[in-house]
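>>> after the sequence you'll find the predicted model.
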Number of protein chains: 2
Amino acid sequence: MRVLGVDPGLTRCGVGVVEGVAGRPLTMLGVGVVRTPADADLSHRLLAVEQGIEQWLDEHRPEFVAVERVFSQHNVRTVMGTAQASAVAMLCAARRGIPVALHTPSEVKAAVTGTGRADKAQVGAMVTRLLRLAAPPKPADAADALALAICHIWRAPAQNRLQQAVARQAVHATKGRTA
Amino acid sequence: MRVLGVDPGLTRCGVGVVEGVAGRPLTMLGVGVVRTPADADLSHRLLAVEQGIEQWLDEHRPEFVAVERVFSQHNVRTVMGTAQASAVAMLCAARRGIPVALHTPSEVKAAVTGTGRADKAQVGAMVTRLLRLAAPPKPADAADALALAICHIWRAPAQNRLQQAVARQAVHATKGRTA
C-alpha cells in the first residue's frame, strides 16, 4: 500500500510518501514541502499548491491520499488557508480517482506515538524510528505528512474490516426483508 | 467587463454572469447553481464543484471572477465547506489566468442596496431591478452570485484608479531615487 500524506497549508504544505502494510516495516519513498509566497494573490497560492501536489502524484502514483482533517477551533486566519489548501489536495486526488482519507491530528499522534496529546518532537522522533531515517524530517510539516501516511496504513485494515462488516450487514438486512 | 460571480458552497454554489460597465445599465448573461450531493465523499463534492465552475468558465469566458470572501465567525461546520468550495472556484480562475477578486458579504450588500446590513429579500429585489429581470433569481445563492458580479463591476473602477495611483507613485519614487 502506497500512501501520500498531506499536512495542508498555504505557506508550507507538508507531503510524504510511505509504502508498506500494517505489521511490517514501512519504507519512506519521499518527503518534502510545497511552499507558496505569503505575499502572492490567494488564487495564485492555491494554483502553486495544486502544481506541487500534482508533481508528487505524478512521481509517486500513490494508491491513497491521507489528508489532515481541518478543524476551525484554532487560529481563525490560518484555518481558512489550511482548509483551502486541503481542498486543493483532495481535488487533485479525486480527479485521478485516488481515494482520499481524512485523519484528525489526534488520530495521527495516537497512531504513531500511542497518545493523541503527543508534541511535535515526539511525533518527529517516532516517524524517524518507524521509517528508519538518519534524522527527523524537517520542517515539522514534512514529518507530520509522513505521520499521516503511516497512520493511514495502520488504520486502513480496521476501516476496511468495518466497511466489510457494514456491507455484510446490509446484505443480511436485504435478505431478511425479501424472505 | 464580463464578470462571473461565485457565492461558494458545497451543497449549493451560486453562479451568475453579468456584463457591463459602472454607470451604464448591466446585462445578465446567465445564472444558476452548482449542486453536489450532501452524502457524497468530500473529495468528490469538490470535484463536482470544479466541473460545474469549469462549465461556466467555458461557456461565458469571463474577464474577472468575483468570489465571496469567507469568514469563519459563523457556523463552524458550514464555513469549512464554504472555504473549500471558494478555493476550487479561485483555483479554476487562476489556472486560466483570470483575475480573482474577493468581496465581503457586507461590501456586496452595500454595493447593490446602499446598506451592508440588507437582508436576502432586499438584495434579491435590487438584483432583479438592476438587471431588469422579470422575477428575483432563485435560490438566494444565485441572486447573491449576481450581486457579487455587480459589486465587482461597480467597485472595479475605484480599485483600478487606486492601482494606477500606486503604480504612478512607484514610478515617481524611482525617479526621485535615480535623480
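Received the coordinates, thanks.
>>> can you show me the CA trace of stretch A:41-55 as PDB?
Only the C-alpha atoms of stretch A:41-55 are listed here, as PDB (Å, rounded to 0.1, in the frame of the first residue of the first chain):
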ATOM      1  CA  ASP A  41      -2.500  36.500  -4.500                       C
ATOM      2  CA  LEU A  42      -4.600  33.800  -2.800                       C
ATOM      3  CA  SER A  43      -5.700  32.300  -6.100                       C
ATOM      4  CA  HIS A  44      -2.100  32.000  -7.300                       C
ATOM      5  CA  ARG A  45      -1.100  30.400  -4.000                       C
ATOM      6  CA  LEU A  46      -3.800  27.800  -4.500                       C
ATOM      7  CA  LEU A  47      -2.500  27.200  -8.000                       C
ATOM      8  CA  ALA A  48       1.000  26.700  -6.700                       C
ATOM      9  CA  VAL A  49      -0.200  24.200  -4.200                       C
ATOM     10  CA  GLU A  50      -2.100  22.300  -7.000                       C
ATOM     11  CA  GLN A  51       1.100  22.200  -9.200                       C
ATOM     12  CA  GLY A  52       3.100  21.000  -6.200                       C
ATOM     13  CA  ILE A  53       0.700  18.200  -5.300                       C
ATOM     14  CA  GLU A  54       0.300  17.200  -9.000                       C
ATOM     15  CA  GLN A  55       4.100  16.700  -9.200                       C
END
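>>> next, the nearest residue to residue A:20 once chain neighbours are set aside: phi, psi?
Once flanking residues are discounted, residue A:20 sits nearest to residue A:26: 3.6 Å by Cβ to Cβ, 6 or more residues apart in numbering or on different chains. (C-beta placed from N, C-alpha, C; glycine too.) Residue A:26 adopts backbone torsions of phi -100, psi 160, taken as degrees, to the nearest 10.
>>> now do the strands in chain A.
Using DSSP state E, the strands of chain A run over residues A:2-7, A:12-19, A:27-35, A:64-68, A:100-103.
>>> and of the ones you listed, who's closest to chain B?
Among the strands of chain A, the nearest to chain B by Cβ to the nearest Cβ is strand A:100-103 (4.1 Å).
>>> comparing the strands of chain A, which comes out most buried?
Highest mean neighbour count among the strands of chain A (mean count of other Cβ atoms under 10 Å in any protein chain shown): strand A:2-7, with a mean of 27.
>>> what angle do that strand and strand A:27-35 make?
Counting by axes from the mean of the first three to the mean of the last three Cα atoms, to 10 degrees, strand A:2-7 lies at 30 degrees to strand A:27-35.
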